[in-house]
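Q: Need a 3D model of the sequence below.
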Amino acid sequence: MSNLESLLASGHRACAGCGPAIAIRQILEAAGKNTIVVEATGCMEVTTTPYPQTAWQIPWLHVAFENAAAAASGVEAAYKALIAKGKIPKDKMPNIIALAGDGGTFDIGLQALSGMLERGHKVLYVCYDNEAYMNTGIQRSSATPFLAHTTTSPAGTVIPGKMSRKKPIAMIAAAHDIPYVATANIAFPADLKKKVKKALTVDGPSFIHLFAPCPTGWRFGTEQTVELARLAVETGVFILYEITNEEPLKPVVTKYLTDRKPVEEYLKIQGRFRHLFKPKKRQDLIDKIQAEVDRKCQWIGVDKK
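A: Residues are numbered from 1 along each chain as shown. Okay, the predicted model is just below:
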């Protein structure tokens, strides 16, 4: 799809190298024009719709930080009612996508998301995960990784960044026993688009956890976004898999690793982990992160024997 045909037009206000902006383009290329997006407040809402302009070339609804899933449920219910009354034909049912960042998904919107999944609405919920509240000042969220520096988890000599682990949001979604859950990454667009198309065809709710680095919040060069996203997979920090309700909570890996890279390669190019290397290298803390990554990789089975 050329730039002129893109369903997210150029000229929006996202930062150079913005991972979520790349993510949205890839999602829309897979979903197509017959799509309605319901989006929570966040980076992508602010940067794509500065009144009176919009970058969206499809129907788009902005809702509050916490209720993208609830509003998308309403859109889906409204279309079902119109179909039941014969107002529109059944084959005109659009793709309905709820879109929110990690703040609007892992934290503030978790209750609405759980309700949508439990009720069984045919909605694809996509969380674009840049691992902090980037729109409001780079505050930590429950998606922020262990030991990362943010403005509300500053790295000091006593407390070296965020002390808690990242919430396993895809597993939480899968625990609702829904038809389809997947993880995806902007550095693997074919895998992402395949998963979006698959999610939109299932009978019921689906959920995609989409990894999308933020140059501003993570403090890396704007030309490194895709490289960093790829490193997250190659080191095992972010694992690509699918879960269906045929075998609940059993991840099926979609990108195996033959020679998994050490997590240090991923950490050292990000300013939010600079305190692990300067003024002196904290090998003890790097080893803790590596051990956590190793544990998850072993449990999911990402390493190819």
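
Q: Quick one: list the elements packing against the host helix or strand of Ile24.
A: Here Ile24, judged by DSSP states H and E, is contained in helix 19-31. If contacts are counted by 3 or more Cβ pairs under 8 Å, 6 or more residues apart in numbering; DSSP states H and E, helix 19-31 sits against helix 43-48, strand 95-101, strand 124-129, helix 189-201, strand 206-211, helix 225-234. The C-beta positions use only the backbone N, C-alpha and C, and glycine is treated the same way.

Q: Can you tell me what sits against that helix?
A: For helix 19-31, contacts defined as Cβ atoms under 8 Å, 6 or more residues apart in numbering pick out 1, 6-8, 12, 14, 35, 43-44, 47-48, 58, 95, 97, 99, 101, 124, 126, 128, 130, 186, 189, 192-194, 196-197, 200, 210-215, 225-226, 229.

Q: Which of the helices and strands packed on helix 19-31 sits closest to Ile243?
A: Set against Ile243 and scored by Cβ to Cβ, those come closest in strand 206-211, at 9.2 Å.

Q: Sheet-wise, list the partners of that closest one with their directions.
A: strand 124-129 (parallel), strand 180-185 (parallel) (DSSP bridges).

Q: for that strand, what is the average pLDDT?
A: Strand 206-211 carries an average pLDDT of 98.

Q: what helix or strand does Glu76 sit in?
A: Remark: Glu76 resides in helix 68-84, with elements defined by DSSP H and E.

Q: ok, back up a step: restricted to buried residues, select the contacts of helix 19-31 in ChimeraX.
A: The buried subset of the contacts of helix 19-31, as determined by 16 or more other Cβ atoms under 10 Å, is captured in ChimeraX by this line:
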select :7,8,12,14,35,43,44,47,48,58,95,97,99,101,124,126,128,130,186,189,192,193,194,196,200,210,211,212,213,214,215,225,226,229
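
Q: would CSV of the helices and strands packed on helix 19-31 with distance to Ala182 be doable?
A: Output for the helices and strands packed on helix 19-31, formatted as CSV (distance: least, Cβ to Cβ, whole Å):
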stretch, distance to Ala182
helix 43-48, 20
strand 95-101, 14
strand 124-129, 10
helix 189-201, 4
strand 206-211, 5
helix 225-234, 14
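
Q: what's the closest of the ones you listed to Lys162?
A: strand 124-129 (14.8 Å).

Q: Tell me the buried residues in the helix or strand that comes right after the closest one?
A: The helix or strand immediately downstream of strand 124-129 is helix 169-174, counting by DSSP H and E. Going by neighbour count (16+ other Cβ under 10 Å), the buried part of helix 169-174 is 169-170, 172-174.

Q: Generate a markdown table for those residues, with distance to Val253 and pLDDT as supplementary columns.
A: A markdown table is the format used below for those (distance: Cβ to Cβ, whole Å; pLDDT from 0 to 100):
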| residue | distance to Val253 | pLDDT |
| --- | --- | --- |
| Ile169 | 18 | 98 |
| Ala170 | 13 | 98 |
| Ile172 | 19 | 97 |
| Ala173 | 17 | 98 |
| Ala174 | 14 | 97 |
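
Q: ok so, going back, can you name every helix or strand that the helix holding Glu76 contacts?
A: Judged by 3+ Cβ pairs under 8 Å, 6+ apart, helix 68-84 is in contact with strand 35-39, strand 95-101, helix 110-119, strand 124-129.

Q: which residues are in contact with the second one?
A: The reference is to strand 95-101. 20, 24, 27, 31-32, 34-40, 42-44, 68-69, 71-72, 75-76, 79, 109, 116, 122-130, 133-135, 200.

Q: Run the angle between it and helix 189-201 for me.
A: 120 degrees (axes from the mean of the first three to the mean of the last three Cα atoms, to 10 degrees).

Q: relative orientation of strand 95-101 and helix 110-119 in degrees?
A: Put simply, strand 95-101 runs at 150 degrees to helix 110-119, going by the same axes, to 10 degrees.
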